[in-house]
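In: Fold the following, please.
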Amino acid sequence: MKPAENLGSAEVRALLCGEADDWLFARADAVKRQYFGKEIWLRGIVEFSSYCRCDCHYCGLRAANRDIERYRLSHQEIIDSALKVDKAGIGTLVLQSGEDSRFRQDGISRILSTIKQQTQLAITLSLGERSHSELALWREAGADRYLLKLETLDAELYSRLRPGRVLDKRLRLLETLKSLGYETGSGIICGLPGSKSDALADALLALSAMELEMLAVGPFVSHPQTPLANTANGNVLECQRACAILRLLNPGANIPATSALDALQKGARLESLSRGCNVLMPSFTPQKDSSKYLIYPGKNASGCPLEQRLADIRLSLKARGLYCSADRGNARRQINV
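Out: Got it, this is the predicted structure:
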């Protein structure tokens, strides 16, 4: 995918500072419409476990957090939730969890095979760092995509905020995913405490050089039960600029408007759909558990029934001249005509 604009490091830094917001957002929206028209992909996400073996300093699911109520969905609950995604006319299912070792390769494979037998859904996995054998087996069982976020490309900050983890291993795993034939995605947290002044610009350029099909940038949201409890939240506008820049550098990639945007500023997620983003990910996690997936405050905060939330999304998109597509929503290698 050729970039829509030949942006170098200096240009990206200037755009992140807000030197040309009107041009940036208008151009990002125009490029998005060139490749995706008026379509917005919905991804039905099922967050099936809040248990995690990791101890990331920014995440409420961190293993050291003893103050949250954990849950795991049964295999049948996961499958039933996937069938609801299919019934809702959504083309892609996202299965996400903390790094929960209780869900092993054979169990996930059976879930994938069952869903594929009963639906035409594309399936994205977001299960953290897994072995080559697991990833290969899941690809064979029907997984189409894998999302493995980096959160930061600063190796020192990465190791400090993700104790016991090394950035190079994560980067190698992205290459493994690509080699196995997954549509591969990654992303970063905007405004992560401890980030260097030029880190965001460098990260956007580095992510773009990886030629990934999915790219995500969400703002940092401080969680009171983490070591970063007393640090400032990220900036919504800066995050929107980052997404717009990614659109110009990766015109056919799928770029979600993350729920973290709304956690900081109501309406920011929908606004981002006119600033380069083309994906929304409503949660299909059963209502009894969805509010427990507290990676950050405000996650899955709506108490509305699923049907009402989906209806509200469709109405909001219609008001913006957009519509939800039932397509699987693959990345676009060329302009949609």
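
In: mind listing the helices for the stretch 201-337 of the chain?
Out: In the stretch 201-337 of the chain, the helices defined using DSSP state H, counting those that start in this stretch lie at 236-249, 259-264, 268-271, 287-290, 306-319.

In: who are the neighbours in contact with P219?
Out: P219 sits next to 189-191, 233-236, 238-239, 258, 260-261, 264 when contact means Cβ atoms under 8 Å, 6 or more residues apart in numbering. Placement of C-beta: from N, CA and C, glycine included.

In: about what we covered before: most neighbours per residue, which of the helices of the stretch 201-337 of the chain?
Out: Among the helices of the stretch 201-337 of the chain, helix 236-249 has the highest mean neighbour count (mean count of other Cβ atoms under 10 Å), at a mean of 25.

In: Might you report the residue contacts of the residue found closest to H75 once you drop the neighbours it is linked to in the chain?
Out: Leaving aside its sequence neighbours, H75 sits nearest to I111 (Cβ to Cβ, 6 or more residues apart in numbering; 5.7 Å). For I111, the contact set (Cβ under 8 Å, 6+ apart) comprises H75, I78, I79, L95.

In: Roughly how far does I111 sit from S97?
Out: From I111 across to S97, the span is 11 Å (Cβ to Cβ, to the nearest Å).

In: which regions of this structure lie under the pLDDT threshold?
Out: Filtered on pLDDT under 70, the chain yields the residue ranges 1, 336-337.

In: which one's the longest helix in it?
Out: What stands out as the longest helix in the chain, according to DSSP state H, is helix 21-36.

In: and the angle from the helix or strand that that helix is followed by to helix 306-319?
Out: Heading C-terminal from helix 21-36, the first helix or strand you meet, by DSSP states H and E, is strand 39-49. Compare the direction of strand 39-49 with that of helix 306-319 by axes from the mean of the first three to the mean of the last three Cα atoms, to 10 degrees and you get 150 degrees.

In: The helix or strand L173 falls within: what's the following helix or strand?
Out: Assigned by DSSP H and E, L173 belongs to helix 167-179. Note on helix 167-179: by DSSP H and E, the next helix or strand toward the C-terminus is strand 183-190.

In: where do the strands sit along the stretch 101-250 of the chain?
Out: Ranges of strands within the stretch 101-250 of the chain are 122-126, 145-147, 183-190, 214-219, based on DSSP state E, counting those that start in this stretch.

In: The first one versus strand 214-219: what angle between them?
Out: The reference is to strand 122-126. 50 degrees.

In: And for the third one?
Out: Interaxial angle of strand 183-190 relative to strand 214-219 (the same axes, to 10 degrees): 20 degrees.

In: What lies in contact with strand 183-190?
Out: Outside strand 183-190, the residues that touch it by Cβ under 8 Å, 6+ apart are 58, 124, 144-153, 174, 177-178, 200, 203, 207, 210, 212-220, 234-235, 238-239, 242, 254, 330-331.

In: try the shortest one
Out: Outside strand 145-147, the residues that touch it by Cβ under 8 Å, 6+ apart are 92, 94, 96, 122-126, 135, 177, 182-187, 213-214, 216.

In: For the residue nearest in space to the middle of the chain, which non-adjacent residue is closest in space?
Out: When the chain is reduced to its mean C-alpha position, the nearest residue by Cα atoms, centre = their mean turns out to be A216, at 5.2 Å. Residue nearest to A216 in three dimensions, not counting chain neighbours: G187, with 3.1 Å by Cβ to Cβ, 6+ apart.

In: neighbours of that neighbour, just the number please.
Out: Other residues near G187 come to 24 when the count uses other Cβ atoms under 10 Å.

In: Look up how far D86 lies from it.
Out: Counting by Cβ to Cβ, the gap from G187 to D86 is 26 Å.

In: Then D327?
Out: Per Cβ to Cβ, D327 is found 13 Å from D86.

In: ditto for K169
Out: Relative to D86, and taking Cβ to Cβ, K169 is found at 35 Å.

In: Then R333?
Out: Counting by Cβ to Cβ - R333 and D86 are separated by 26 Å.

In: Tell me which of those two has more neighbours.
Out: D86 (17 against 11).

In: Enumerate every residue touching the spatially closest residue to the more buried one that is not a sequence neighbour.
Out: In this structure, D86 finds its nearest non-sequential neighbour in T119, 4.2 Å apart by Cβ to Cβ, 6+ apart. For T119, the contacting residues are A82, L83, D86, L93, by Cβ under 8 Å, 6+ apart.

In: Tell me how far the nearest residue to the first one once chain neighbours are set aside lies from P219.
Out: I take that to be A82. Leaving aside its sequence neighbours, A82 sits nearest to I115 (Cβ to Cβ, 6+ apart; 4.7 Å). I115 sits 32 Å away from P219, taking Cβ to Cβ as the criterion.

In: Can I get stretch 242-252 in PDB, CA atoms only?
Out: Output in PDB follows, covering the C-alpha atoms of stretch 242-252 (Å, rounded to 0.1, in the frame of the first residue of the first chain):
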ATOM      1  CA  ALA A 242      -1.900  10.300  15.200                       C
ATOM      2  CA  CYS A 243      -4.800   8.200  13.600                       C
ATOM      3  CA  ALA A 244      -5.100  10.700  10.800                       C
ATOM      4  CA  ILE A 245      -1.300  10.500  10.100                       C
ATOM      5  CA  LEU A 246      -1.500   6.700  10.100                       C
ATOM      6  CA  ARG A 247      -4.300   7.000   7.500                       C
ATOM      7  CA  LEU A 248      -2.100   9.100   5.200                       C
ATOM      8  CA  LEU A 249       0.900   6.700   5.600                       C
ATOM      9  CA  ASN A 250      -1.300   3.600   5.400                       C
ATOM     10  CA  PRO A 251      -4.300   4.500   3.200                       C
ATOM     11  CA  GLY A 252      -5.800   1.000   2.900                       C
END
